[in-house]
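Trainee: Here's a sequence, model it:
(chains A and B)
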Amino acid sequence: MKLPRRLLAAALGIALAVGATAHAASVEILNVSYDVAREFYKDVNAQFVPFWKQQTGDEVTVNQSHAGSSKQARAVIDGLAADVVTMNQQTDVDAIAKAGLLSQDWRKAFPYNAAPYGSTIIFLVRKGNPKNIKDWDDLVKDGVQLAIVNPKTGGNGRYSYLGAWAYAKRKYGSDQKAQEFVGTLFRNAPVLDAGGRAATTTFIQRGIGDALLTFESEVLQIAREFSKDEFQVVVPSLSVDADAPVAVVDKVVEQKGTRKVAEGYLNFLYSDEGQRIAARHYLRPRKPEILAEYKAVFAPIELVTVEEAFGGWARAQAEHFADGGTFDQIYAPGK
Amino acid sequence: MAAVIKRHSVLPGFGPALGFALVYLGLIVLIPLSAAFLKTAGLSWEAFWTTVTAPRVLASYRLTFGASLLAASLNAVFGLIVAWVLVRYPFPGKKLVDALVDLPFALPTAVAGIALTALYAQNGWIGQYLPFKIAFTPIGVVVALTFIGLPFVVRTVQPVLEDFDRDVEEAAAALGASRWQTFVRVIFPAIAPALLTGFAMAFARALGEYGSVIFIAGNVPMVSEITPLIIISKLEQYDYTGATAVAVVMLVISFVLLLVINGLQWWSGRRAAATV
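Mentor: Below you'll find the predicted structure:
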């Protein structure tokens, strides 16, 4: 008599468990993102899952996919079913919008132009700063060597280029002067790495270059991992705002019925908690009060946006980085 | 024509086998490649021509084809020596060396690129003793391409050398040929077709290589950009047609070069057959 009773109890237990899960829906969403954001979104997801459970009772699983930002955008265009995209450059989301997967005015869907956090370009120099590099001006001097990412293949290369341009235009007053300035700067780079991590390796492991130009998030991370007397962080007087845009992929969430959780996920990035996670990963939070909490981490710096200084990304891309643009002219034969 | 071949074939199943071969080649090779040609068809002839003859692109063809030819030639010489040593001489650890030859096949190319860069950079184990730069110059590109191409030559020459009849060599010696004459007149013609195959494979592999080269090249426009990098950077700008246009040019040049090498191989194979 004992055995059947036990069986009954087990069956009841199973029924209860099944009932419970049926009651609280379980959803899965996919966040398609760029390369170096893997750790950041791992932390975000760890906080978002309990938050969402508490808010709605739903069990959410956030899957991550990371690779080069533009590669990921192409994958989404080609059919990778992303509920949300979190990129590091506006042009990548624009490309998805152009393919009709999300609304053209996605920038208005979330606060701060749909960019919950951002970064900027700063410098890392060798210990004691032997070349005395303090600002962009010092990078174009004779005998200074730079480690930069190729603007044709990497977002931080493009932002480095635009940062130098914005600085020179402000200081010397014309686009022509700015073009000369940026040309000199890039001729000081013996190596143009294809991506951010490769440039870091070139600078740190291969010992090439007096200064590394890359995202602040990368520079601060290196400075933390290596002892202070190996490298020094240099913050220029002005740099370019590299905001990281996010968007809900309308076509996918409508088909899967995941709009609510997808929007909840992106909104979570704007919550105090989400903003603090960003700051802990050395990404500049947008909320002024959270940024103020971390003022020891993020040095004050004048940031110009691509919209203000270059009339938007589409124009900057066409004028500077497309074939035959100002970047190509640096390497044109006879120069 | 098909009927003629069929009549002469003693093996059954020619029809289905050929059918399978064609379908397979079509699915795996021809359809993806024709997609590249179709995409390029969206460009006007003028736009196509300016894209594929831009100075930066021309410089990349020179580097890619030049470095690939050089690397394949180096492999033809040294791969032949490796194969010769592996076949002809017994020595301790031979099995280990034999296995080592395949490593460049198995290693992820990015790992190879990073390892080679670490060795040949100016603060690297080898680089610091050299009077000239290797990493971040076109020489670095040749080094990486030589590394990834080595197994092709060794693995194509090795079996032919193993099967080579010792009697023929002994006959040559008995007829008064010197060791050198025996090698040049008897052995070399027999392995030349295999050597050419290995050369062609190493060359073709080098043309398309991206992962390892990207770390060691330095990627400076006009100096050390390979053609695959040009294609990637065009894709990065969502310039699909430009990227496929360059790819099509690469495909056509590669195809012609491989055709020439295959022709040479056929010719040397016939000569070898005629002399034996």
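Trainee: can you give me the helices in the stretch 51-200 of chain A?
Mentor: Here the stretch 51-200 of chain A has its helices, by DSSP state H, counting those that start in this stretch, at A:69-77, A:90-98, A:111-114, A:155-172, A:175-187, A:196-204.
Trainee: Just read off the phi/psi values of the residue nearest the centre of chain A.
Mentor: Closest to where the C-alpha atoms of chain A average out (CA atoms, centre = their mean) is residue A:88, at 3.5 Å. Main-chain torsions, residue A:88, degrees, to the nearest 10: phi -110, psi 10.
Trainee: cool, residue A:215 as well?
Mentor: The phi/psi pair for residue A:215 (degrees, to the nearest 10) reads phi -60, psi 140.
Trainee: Without its sequence neighbours, what residue ends up closest to it?
Mentor: Closest residue in space to residue A:215, ignoring its immediate chain neighbours: residue A:119 at 4.5 Å, by CB to CB, 6 or more residues apart in numbering or on different chains. The C-beta positions use only the backbone N, C-alpha and C, and glycine is treated the same way.
Trainee: Next one: the one you found from chain B, what distance?
Mentor: Distance, residue A:119 to chain B, by CB to the nearest CB, to the nearest Å: 19 Å.
Trainee: Tell me which residues touch that residue, please.
Mentor: Residues near residue A:119 by CB atoms under 8 Å, 6 or more residues apart in numbering or on different chains: A:215-217, A:242, A:244, A:282-284.
Trainee: Please name the bridge partners of it.
Mentor: Beta-bridge partners recorded for residue A:119 (DSSP bridges): residue A:242.
Trainee: so what's the residue of the stretch 101-250 of chain A found nearest chain B closest to, chain neighbours aside?
Mentor: Going by CB to the nearest CB, chain B is nearest to residue A:152 of the stretch 101-250 of chain A, at 3.7 Å. What sits nearest to residue A:152 in space, not counting adjacent residues and going by CB to CB, 6+ apart, is residue B:233, at 3.7 Å.
Trainee: all helices of the stretch 201-335 of chain A, in order?
Mentor: Under DSSP H, counting those that start in this stretch, the stretch 201-335 of chain A gives helices at A:216-225, A:250-256, A:259-270, A:272-280, A:288-293, A:306-310, A:313-316, A:326-330.
Trainee: residue ranges of the helices in the stretch 151-276 of chain B, please?
Mentor: Under DSSP H, counting those that start in this stretch, the stretch 151-276 of chain B gives helices at B:166-174, B:179-181, B:188-208, B:213-217, B:227-236, B:240-275.
Trainee: which helices and strands does the third one pack with?
Mentor: Read it as helix B:188-208. If contacts are counted by 3 or more CB pairs under 8 Å, 6 or more residues apart in numbering or on different chains; DSSP states H and E, helix B:188-208 sits against helix B:55-88, helix B:138-163, helix B:240-275.
Trainee: Pull out the buried residues from it.
Mentor: Of the residues in helix B:188-208, B:189-207 count as buried by neighbour count, 16 or more other CB atoms under 10 Å in any protein chain shown.
Trainee: To residue B:24, which of the helices and strands packed on helix B:188-208 lies closest?
Mentor: Residue B:24 sits nearest to helix B:240-275 of all those, at 19.1 Å, using CB to CB.
Trainee: list the contacts for residue 103?
Mentor: This is for chain A. A:97, A:109, A:250.
Trainee: State the phi and psi torsions of residue A:34.
Mentor: phi -90, psi 170.
Trainee: What residues does the stretch 151-276 of chain B have near chain A?
Mentor: Residues of the stretch 151-276 of chain B found near chain A (CB under 8 Å from any CB of the partner chain) are B:214-215, B:218-222, B:229, B:232-239, B:242.
Trainee: at 10 Å instead, please
Mentor: Residues of the stretch 151-276 of chain B lying close to chain A by CB under 10 Å from any CB of the partner chain are B:210, B:214-225, B:229-230, B:232-240, B:242.
Trainee: In contact with residue B:82, which residues are there?
Mentor: B:75, B:97-98, B:100-101, B:150-151, B:153-154, B:157-158 (CB atoms under 10 Å, 6 or more residues apart in numbering or on different chains).
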